[in-house]
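Colleague: Provide a 3D model corresponding to the input given below.
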Amino acid sequence: MTRAIRIGRIFGIDIEVDYTWFIIFAIVVIGLSSGWFAQLLPNVAPGLRWLIAGLTTLLFFASVLLHELSHSVVALRSGLRISGITLFLFGGVSKMTEEPKSPGVEFRMAIAGPAMSLLLAAIFLGASFFVRPLAGGDIFHTVFRWLGIVNGMLAVFNLLPGFPLDGGRVLRAGLWHSTGSLGDATRIASTFGQGIGVFMIVGGIFWFFTTGIFSGLWLAFIGWFLTQAAHQSYQQMILRQALSGVPVSSVMTQEVETVPPDITLDRVVNEHIMTHNHPAFPVVDGPQVLGLLCLGDVRAVPRENWPRVTAREAAPALSEHNTIAPGTDAWDALIRMSTENCGRLVVVENGSLLGIVSRTDIMRLMRHRLQLGI
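Modeller: Numbers count the residues shown, from 1 in each chain. Down below sits the predicted model:
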């Protein structure tokens with residue numbers, strides 16, 4: 001089950017909100033209403049302060065979305081694919097399905113986000129002075145001032161030279177340009193990212209125990225997240241290099257257990273699922289593949305209806321979501337599985353079944369290549 005909720009689509013990019021986003025949303029609203037706004041707007045009724053805090057927090061996350069959209073638009077214009085943007089506990093992330101083609105593309109993509117945040121900071125801070133003489137200006141001044149400050153802080157934090165932060169990507173672009181090796185550049189930039197994360201953890205814990213301020217633990221938590229993200233980003237790079245250039249046809253299983261379209265689900269369960277250790281079966285009519293029947297599709301049908309529902313009726317039809325061409329890179333197949341939240345894809349050519357590839361097949365290939373050093 002996916003943890004993200006799709007809320008819209010901008011420039012052809014799916015926008016999603018992770019469940020953890022609601023946690024930080026609540027924290028920011030509570031902090032604003034009982035802290036910043038309580039101090040600067042003491043004469044505003046508590047109920048109105050909560051409403052202002054909620055609207056301000058939504059504007060803040062709109063700013064985060066614009067930050068990530070800046071990355072994504074530059075990526076799209078550079079010919080890269082972006083599968084979506086997800087807002088979550090620590091802000092947002094643009095989900096790229098491939099690496100930049102050159103250090104220049106990497107640099108432009110990386111710098112676009114902080115540049116947008118700095119632009120928003122200037123706009124909000126400028127607006128805060130413009131609206132102050134107006135009616136109700138104190139409220140707008142306080143809101144815009146906070147938004148200007150946090151957008152500036154967002155830009156500064158993201159420019160820290162630790163991968164996968166934007167500053168780390170700028171560093172990686174420079175290292176890539178200097179060394180000519182994306183792998184070496186990623187390793188060095190990831191090491192910087194882990195170092196910055198450890199520094200934040202130590203500094204945050206020291207801050208908390210010497211001052212008692214809870215923000216110290218929050219800083220340590222962010223540092224832990226950055227350390228993990230830096231390590232995982234480098235591991236992903238190794239995985240990408242191990243799988244790129246390897247076609248799905250060399251990984252797929254060619255001997256595939258299939259089911260005919262008119263067989264009922266009770267027979268599918270008894271004659272196929274219970275006798276073969278497979279979680280999915282292509283539905284085949286002659287040489288043509290009609291769909292892919294998974295265990296979840298069978299479970300979705302009430303058990304009393306199994307004798308009346310056929311495999312053709314229960315299986316989702318073939319689409320770009322559950323099929324892949326034999327010449328596609330194994331890395332792209334793995335990304336597709338993650339994006340579509342599925343564990344296997346049907347390999348087809350001109351509608352005919354060639355095989356089936358699973359996440360297990362690809363991970364086995366990755367282990368072999370890494371063990372052999374190729």
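Colleague: Could you check the pLDDT of Arg3?
Modeller: Arg3 carries a pLDDT score of 66 in this model.
Colleague: who are the neighbours in contact with Ile64?
Modeller: Small correction: residue 64 is Val, not Ile. 87, 91-92, 154 (C-beta atoms under 8 Å, 6 or more residues apart in numbering). Just so you know, the C-beta spots here come from the backbone N, C-alpha and C atoms, and that holds for glycine as well.
Colleague: I meant Gly148, not that one.
Modeller: Residues near Gly148 by C-beta under 8 Å, 6+ apart: 120-128.
Colleague: What is the nearest of the contacts of Val64 to Leu239?
Modeller: Looking at the contacts of Val64 and their distance to Leu239, the nearest is Gly92, at 23.2 Å (C-beta to C-beta).
Colleague: How about the contacts made by the nearest residue to the closest one once chain neighbours are set aside?
Modeller: Spatial nearest neighbour of Gly92, excluding adjacent residues (C-beta to C-beta, 6 or more residues apart in numbering): Glu68 at 4.3 Å. Taking C-beta under 8 Å, 6+ apart as the criterion, Glu68 is in contact with 85, 87, 92-94, 113.
Colleague: Is Glu68 within a helix or a strand, and which one?
Modeller: Element membership for Glu68 (DSSP states H and E) is helix 46-77.
Colleague: quick one: contacts for Glu16?
Modeller: By C-beta under 8 Å, 6+ apart, the contact set of Glu16 is 4-7, 84-87.
Colleague: and the two most separated of those?
Modeller: Top of the distance list for the contacts of Glu16 (C-beta to C-beta): Ile5 and Ile85, 12.8 Å.
Colleague: related to what we said a few turns ago, gap between the residue nearest to Gly92 and Gly291?
Modeller: Relative to Gly291, Glu68 is positioned 35 Å away (C-beta to C-beta, to the nearest Å).
Colleague: With Leu119 instead?
Modeller: In this view, Leu119 and Gly291 are 48 Å apart by C-beta to C-beta.
Colleague: Tell me which of those two has more neighbours.
Modeller: Taking neighbours as other C-beta atoms under 10 Å, Leu119 and Gly291 compare with Gly291 leading, 25 against 14.
Colleague: can you tell me how far the more buried one sits from Gly84?
Modeller: According to C-beta to C-beta, Gly291 and Gly84 sit 25 Å apart.
Colleague: For this protein, name the helix or strand with the lowest mean pLDDT.
Modeller: Across the helices and strands of the chain, mean confidence by mean pLDDT, DSSP states H and E is lowest for strand 91-96: a mean of 76.
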